[in-house]
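Student: Sequence and predicted structure below; questions after.
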Amino acid sequence: MARRGRRTVILAALALVLAACGGDDGGTESAGGGATAGGLIGFSQANNGDVWRIDQTKDVQGNCSSLMPGSQVVVTDGQGQAAKQSADVDDLLARGVKVLLLTPLTAEALTPVAKRAMDAGVPVITLDRAVDTDVTQHIGADNKLIGQKAAEYVASTVLGGKGGRVIEIQGVLGASATTDRNKEFVGWLKENAPNVEIVASQTGEYRREPALKYMEDMLQRFGPGEFDVVYAHNDEMALGAIQALKAANRLDEVKVVGIDGQNEAIQAIADGDMAATFTYDNAGKEACESAQKLLAGEKNLEKQWVLQTTQIDATNAAEWVGKGF
């Protein structure tokens, strides 16, 4: 997540792209003047409605256009609807994409269309979230490891091994990232810190507003001292929880942990409002690098490209300020 120095160039390129597109709901096409010898690249985004996914889309647009100037990049937005995203992918396949980049809303819903693409001979690269079928390559950080690290941090550092009570705010149910971040967190605590109890868990859909509302409900349900930690599956939801805790004057009694490495969250850690986050690279640059190799005729990509994650807490937040997204 630290390699964000390219953001100005990417944003400038994206602005030109969007200006040329005129807001066509069918997809966003990069500058480049149509399909050329480079080939057509499709990117199916699950929901371009939160800061992390917007950042991911910008990275795919900017990096693919830069690495493959002779290619055309078409981006679609599933708008958080599995049926729409599946139809988007079918449309990309009908348009003759040479490589499909896919961030699936949920694994189950997008598995059939990913399989159709592979069966049709179109290489599929999944970013961030996986599907339940064989694809050319999956790129993303290790969500299982992140779940375990978050649990260890909560039990050992936040609670000091003394036990405590946790409220969990999950992401989109059925998404592979959500499943891993939940199961590994719960599993690690069960095995290593059985005195840490999860007293409530509900989806916040990876969005700030639902998480804010959920935390307001939890503050009504649980009085002062009745829970110690909020574990949110991303920083947007963590920031929503912090907003509710601040409004109720209870932030001083609760520690909040998130995931992603969002700049606002990193600043909140530096300011003492948040305990920790774990960086989660959006894989846009890496996906474009792999697409470039595929278009050049390379056949044997590494099946799993695991990206590094870093724990950001009070010990290192100052050096990370402004280096997220």
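Tutor: In hand now; what should we look at? Fair warning: this is a prediction, and the values are worked out from it, not measured in the lab.

Student: Only C-alpha atoms from now on, for both contacts and neighbour counts.
Tutor: Noted.

Student: what ranges do the strands span in the chain?
Tutor: Listed in chain order, the strands of the chain (DSSP state E) span residues 28-29, 39-45, 71-77, 99-102, 124-127, 137-141, 164-170, 196-203, 229-232, 255-257, 277-278, 304-307, 311-312.

Student: for those, which one sits closest to residue 321?
Tutor: Evaluated over those, closeness to residue 321 peaks at strand 311-312, with 10.0 Å, by CA to CA.

Student: any residues touching stretch 226-243, and which ones?
Tutor: Contacts of stretch 226-243 from elsewhere in the structure, counted by CA atoms under 8 Å, 6 or more residues apart in numbering, are 154, 164-171, 178, 181, 199, 204, 206-212, 215, 251, 253-262, 265, 273-274, 277.

Student: Now find how far off-centre it is within its chain.
Tutor: Its chain's C-alpha centre lies 16 Å from the corresponding centre of stretch 226-243 when counted by CA atoms, centre = their mean, to the nearest Å.

Student: what's the first-to-last distance across that stretch?
Tutor: Start-to-end span of stretch 226-243 (CA to CA, to the nearest Å) is 19 Å.

Student: mind listing what's buried in that stretch?
Tutor: Neighbour-count burial for stretch 226-243 flags 227-243 (criterion: 16 or more other CA atoms under 10 Å).

Student: are any of the contacts of stretch 226-243 buried, and which?
Tutor: When the contacts of stretch 226-243 are checked for burial by 16+ other CA under 10 Å, the buried set is 154, 164-171, 178, 181, 204, 206-212, 215, 251, 254-262, 265, 273-274, 277.

Student: Tell me where the stretch 1-150 of the chain has helices.
Tutor: 7-21, 51-67, 82-94, 107-119, 143-152 (DSSP state H, counting those that start in this stretch).

Student: and residue 285, which of these is closest to it?
Tutor: In this view, the helices of the stretch 1-150 of the chain are compared for proximity to residue 285 by CA to CA, and helix 51-67 is the closest at 5.6 Å.

Student: same for the closest one, what does it pack against?
Tutor: helix 7-21, strand 39-45, strand 71-77, helix 284-295 (3 or more CA pairs under 8 Å, 6 or more residues apart in numbering; DSSP states H and E).

Student: Return the member of these having the minimum mean pLDDT.
Tutor: The minimum mean pLDDT among these belongs to helix 7-21 (a mean of 36).

Student: need the helix or strand of the chain with the lowest average pLDDT.
Tutor: Within the chain, no helix or strand scores below helix 7-21, which has a mean of 36 by mean pLDDT, DSSP states H and E.

Student: Any idea how many residues pack against residue 250?
Tutor: As a burial measure, the neighbour count of residue 250 was computed by other CA atoms under 10 Å and equals 15.

Student: from now on call the first residue 51
Tutor: Right, with 51 as the first residue, what we last looked at is residue 300.

Student: Verify the stated contact: it with residue 274.
Tutor: Yes - judged on CA atoms under 8 Å, residue 300 makes contact with residue 274 at a distance of 7.4 Å.

Student: show me the contacts for residue 265.
Tutor: Neighbours of residue 265 in contact, by CA under 8 Å, 6+ apart: 290-291, 294-295.

Student: contacting residues for the residue lying closest to residue 99 once chain neighbours are set aside?
Tutor: Nearest-residue entry for residue 99: residue 129, 7.1 Å, with adjacent residues in sequence omitted and distances by CA to CA, 6 or more residues apart in numbering. Residue 129 is in contact with 96-99, 135, counting by CA under 8 Å, 6+ apart.

Student: what's the closest non-adjacent residue to residue 184?
Tutor: Leaving out its chain neighbours, the residue that sits closest to residue 184 by CA to CA, 6+ apart is residue 165, at 7.5 Å.

Student: ditto for residue 363
Tutor: Using CA to CA, 6+ apart, the nearest residue to residue 363 is residue 326, at 4.4 Å.

Student: quick one: pLDDT of the one you found?
Tutor: The model's pLDDT for residue 326 equals 98.

Student: wait, it sits on residue 317?
Tutor: No - counting by CA under 8 Å, residue 326 sits too far from residue 317 to count as a contact (10.6 Å).

Student: between those two, which one's more packed in?
Tutor: Here residue 326 and residue 317 are set side by side on neighbour count (other CA under 10 Å), and the busier one is residue 326, at 32 against 19.
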